[in-house]
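Chemist: Need the 3D shape of this:
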Amino acid sequence: QAPVAGHPPQGDTDSLFQAPRLSSHTRIDVRTLQDGIDASQAARYGRGAGGLQRRHIEALLAFDGHRSLGVMGEEQQDRIQWLAQEEDTASQKRAAEYLEHIGGEEAARRAENVTNPNAYHPKHNPGGHDLDTCPVCGHETFCVEGLDPIFGRVGYGQCLVCTYIRTPGAAEDEAFTEHLRSMDDE
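Modeler: This next block holds a predicted model:
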């Protein structure tokens, strides 16, 4: 099917960017998969360029249409979540080390003098937020740049005292954890 400007590329049945339809009757194009392996051999072994074509990718993605094999997206999401957790843990560690370096008195002094650079204002900054409590230093100095995209409960941004940075991915992970806990409480 010919590409249409402004629309995602389409295969014979659907877009590469849509979730696969799960079926136990998925047709696997073995010949195209084998051809894709052959086409990629040169590049895989450093002997020149190997070129996969769209049909090779579509044949591989067909595996995700089978109920028992539909895990590529889940694996990718798990990897993204793990990376967000690792990044957040590293940021908390850096912030705790910085806090130890400046000391409690200096942190308290800085917390008293903080002004929110992203404060809400109906005309000048309608997307602004109040300062939140930082999970590392405990001061109300966490400058929220936005809220997690799924639940809209946990802010991402940076602490203006200890420099802890919570990414959107870490905020989403924390919001999901809070959501699961709230379900347990019900």
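Chemist: can you count the residues close to the residue nearest to Asp173 when sequence neighbours are not counted?
Modeler: Nearest-residue entry for Asp173: Ala84, 5.3 Å, with adjacent residues in sequence omitted and distances by Cβ to Cβ, 6 or more residues apart in numbering. Every residue, glycine included, has its C-beta placed from N, CA and C. For Ala84, the neighbour count with other Cβ atoms under 10 Å is 19.
Chemist: And what about Ala84, helix, strand or coil?
Modeler: Recorded secondary structure, Ala84: helix (DSSP: H, G, I helix; E, B strand; the rest coil).
Chemist: That one contacts Arg166, doesn't it?
Modeler: No. Ala84 lies out of contact with Arg166 (Cβ atoms under 8 Å); the separation is 9.7 Å.
Chemist: quick one, what contacts the residue nearest to Asp173?
Modeler: In this structure, Ala84 makes contact with Thr167, Gly169, Ala170, Glu172, Asp173, judged by Cβ atoms under 8 Å, 6 or more residues apart in numbering.
Chemist: swap in Gly36?
Modeler: Applying Cβ under 8 Å, 6+ apart to Gly36 gives the contacts Leu52, Gln53, His56, Ile57, Ala59, Leu60.
Chemist: Just the buried ones from the residues you listed?
Modeler: For those, burial is judged from neighbour counts taken by 16 or more other Cβ atoms under 10 Å, and it is met by His56, Ala59, Leu60.
Chemist: the strands in this structure, which residues?
Modeler: Defined through DSSP state E, the strands belonging to the chain, from first to last, are 142-147, 155-159, 165-166.
Chemist: Show the model's pLDDT score for the spatially most distant residue from the centre of the chain.
Modeler: Outermost residue of the chain with respect to the C-alpha centroid, by Cα atoms, centre = their mean, is Glu105; its distance is 36.0 Å. According to the predicted model, the pLDDT of Glu105 comes to 97.
Chemist: how close does it sit to Asn113?
Modeler: Spatial separation of Glu105 from Asn113 under the definition Cβ to Cβ, to the nearest Å is 13 Å.
Chemist: again, but for Asp148
Modeler: Using Cβ to Cβ, one obtains 29 Å as the distance from Asp148 to Asn113.
Chemist: neighbour-wise, which of those two wins?
Modeler: Higher neighbour count among Asp148 and Asn113: Asp148, with 22 against 10, using other Cβ under 10 Å.
Chemist: residues near the nearest residue to Gly51 once chain neighbours are set aside, how many?
Modeler: Leaving aside its chain neighbours, Gly51 sits nearest to Ala39 (6.0 Å; criterion: Cβ to Cβ, 6+ apart). Residues within reach of Ala39, counting by other Cβ under 10 Å, total 15.
Chemist: where's Ala39 relative to Ser182, distance?
Modeler: Counting by Cβ to Cβ - Ala39 and Ser182 are separated by 50 Å.
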